[in-house]
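Novice: Need a 3D model of the sequence below.
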Amino acid sequence: MVFTLDGTAWSEKKLLKKMEGDEFYFGSEGKLYLSSSSIKGLSKDPNKFIYNLENQEEAEYKPNTAFDFGSLFHWYILEPDVYKKQVFVDVDRRAGQEWKEAVAEHGRVFLKKDKDKVEELAERFMSCGRVSDLLKNSTPEVPAVGTIDGICFRAKADILGKGFIADLKTTANLKWFKQDARKFGYAAQVYIYCHLFNVDYRNWAFIAVDKVTGEFGFFTISERFYLSGKEIVDKGIANYKDIMAGKRDFEPFYIEDVI
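Specialist: Below is the predicted model:
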């Protein structure tokens, strides 16, 4: 039995069934759990979480070039049936009458030029023997739900094998990926997923693919990176519990740097 954030008791099997569709992640049901993205927000800027909570704002899809490209690449590699259902528009940019009409009719649509690029890079990626062996000996898009420090979390592993997880990322520049992984808090994802799937962090790998060149790399996890993820999660959970207890006077988010 799993208790979601609203206090409702669920069977784990029923929850996992709900998590199979992408629509789950962009609706009100997604707010029944914390995730790697929400915990990063709670850790970094709890005031924004409070605003969304009090205004009942739900996650919704908003057009984003990088996000769209990453989604297409994931689907082509991991969920080809989903990829085949997507609608592509043969225009230069996300504007104009033809694009607007396609959005009005189908909702989320994509540029044909992105389709062509994705398929070129994906075919090159899958021609690698290490990649093809990895995909053959694993299951794609596996959901999980569980608790960390008494709080319900959800996750969805891109590639789950026997005792290992691989997570597929697209990046603007492969040489920046290590920096991006720290910048975007990927460590929190590693910590949460390893906990929910009972996988040792030493058996985790990010596979980062350069969207421009098609070059890709395998990045394993250091103990330091893993523990930094635990720090993010612990802080986010503490802030969440404070919010649920009525706290609203968090320090405003700010950055500090040297120029």
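
Novice: ranges for the strands of the stretch 151-259 of the chain?
Specialist: Secondary structure of the stretch 151-259 of the chain (DSSP state E, counting those that start in this stretch): strands located at 151-161, 164-171, 204-210, 216-220.

Novice: Go through the ones you listed and name the closest to Lys100.
Specialist: Lys100 sits nearest to strand 164-171 of all the strands of the stretch 151-259 of the chain, at 26.5 Å, using Cβ to Cβ. For glycine as for every other residue, the C-beta is placed from the backbone atoms N, C-alpha and C.

Novice: Any stretches of the stretch 1-150 of the chain with poor pLDDT?
Specialist: Applying pLDDT under 70 to the stretch 1-150 of the chain flags the ranges 1-3, 7, 9-11, 15, 18, 20-31, 56-63.

Novice: Compare the strands of the stretch 151-259 of the chain and give me the one nearest Ile77.
Specialist: Comparison of these against Ile77 by Cβ to Cβ identifies strand 164-171 as nearest, at 6.6 Å.

Novice: need the strands of the stretch 151-259 of the chain in JSON lines with distance to Asp92, can you?
Specialist: Below are those laid out as JSON lines (distance: least, Cβ to Cβ, whole Å):
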{"stretch": "strand 151-161", "distance to Asp92": "31"}
{"stretch": "strand 164-171", "distance to Asp92": "21"}
{"stretch": "strand 204-210", "distance to Asp92": "23"}
{"stretch": "strand 216-220", "distance to Asp92": "27"}
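
Novice: so can I have TSV of those showing mean pLDDT and distance to Thr8?
Specialist: As requested, the strands of the stretch 151-259 of the chain are exported to TSV (pLDDT from 0 to 100; distance: least, Cβ to Cβ, whole Å):
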stretch	mean pLDDT	distance to Thr8
strand 151-161	95	10
strand 164-171	97	28
strand 204-210	97	31
strand 216-220	97	38
